[in-house]
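A.B. asks: based on what follows, work out the 3D shape:
(one chain, ligands or ions: 1)
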Amino acid sequence: MKPVRILFVCLGNICRSPLAEGILRHVAGDGLVDVDSAGTGGWHIGDPPDRRSIAVARKHGIDIARQRCRKVHAGDFEAIDLIFAMDASNLATLRAMAPLDAQHKLHLFLEYTQGIIINVPDPYYEGPEGFETVYNMLFEGCMLLIGRLEERS
Ligand code: 4NP
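C.D. replies: Numbers count the residues shown, from 1 in each chain. Model prediction:
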């Protein structure tokens, strides 16, 4: 089986989606997935993740410091198999950008994994505990996602 190409999307691509990218790559290991992340906004293009995302990942044994911010682009809707928005606002932005034949690839991440409509909250204006909460939500989502992808293969 070819790896499933996955893109995590948030607003800035410095807090939530790079953390999700690092967690999924770490827990899925080789072969199952090909993971990337991007932002709907372009303020931080080329930057590393927020230092608080780097710190919470490192605390859990995951290195995301070499990842770099990029913006979602039209080619993603063709190249990627599953595009996961961190919150309903990012999902609405993606739905407006994506062509009709790619709409089925777009999902709210925790709705896809947990089956209930929950946003991963934006921790940008929060303290470190906000990043820990986001880490835990993303970790649980990634574990459920792996289970779902393994069922497909
Ligand atoms: P993220 O958080 O979407 O989880 O990366 C944000 C990071 C930066 C900004 C907003 C949200 N910003 O406005 O610069």
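
A.B. asks: any idea how many residues pack against the residue of the chain found nearest the ligand?
C.D. replies: The nearest approach of the chain to the ligand comes at residue 12, 2.6 Å away (CB to the nearest ligand atom). All C-beta atoms are positioned from the backbone trio N, CA, C, and that covers glycine. By other CB atoms under 10 Å, the residues close to residue 12 number 20.

A.B. asks: thought it was touching residue 39?
C.D. replies: Yes: contact status for residue 12 versus residue 39: in contact at 5.2 Å, counting by CB atoms under 8 Å.

A.B. asks: between these two, which contacts overlap?
C.D. replies: Shared contacts of residue 12 and residue 39 (CB atoms under 8 Å, 6 or more residues apart in numbering): residue 69.

A.B. asks: could you tell me the end-to-end distance of stretch 37-53?
C.D. replies: Stretch 37-53 has an end-to-end distance of 14 Å (criterion: CA to CA, to the nearest Å).

A.B. asks: oops, could you answer that again for stretch 74-81 instead?
C.D. replies: So stretch 74-81: terminal residues 14 Å apart, CA to CA.

A.B. asks: what comes up buried for that stretch?
C.D. replies: 76-77, 80 (16 or more other CB atoms under 10 Å).

A.B. asks: equivalent analysis for stretch 44-53, please.
C.D. replies: For stretch 44-53, by 16+ other CB under 10 Å, it's 44, 48-50, 52-53.
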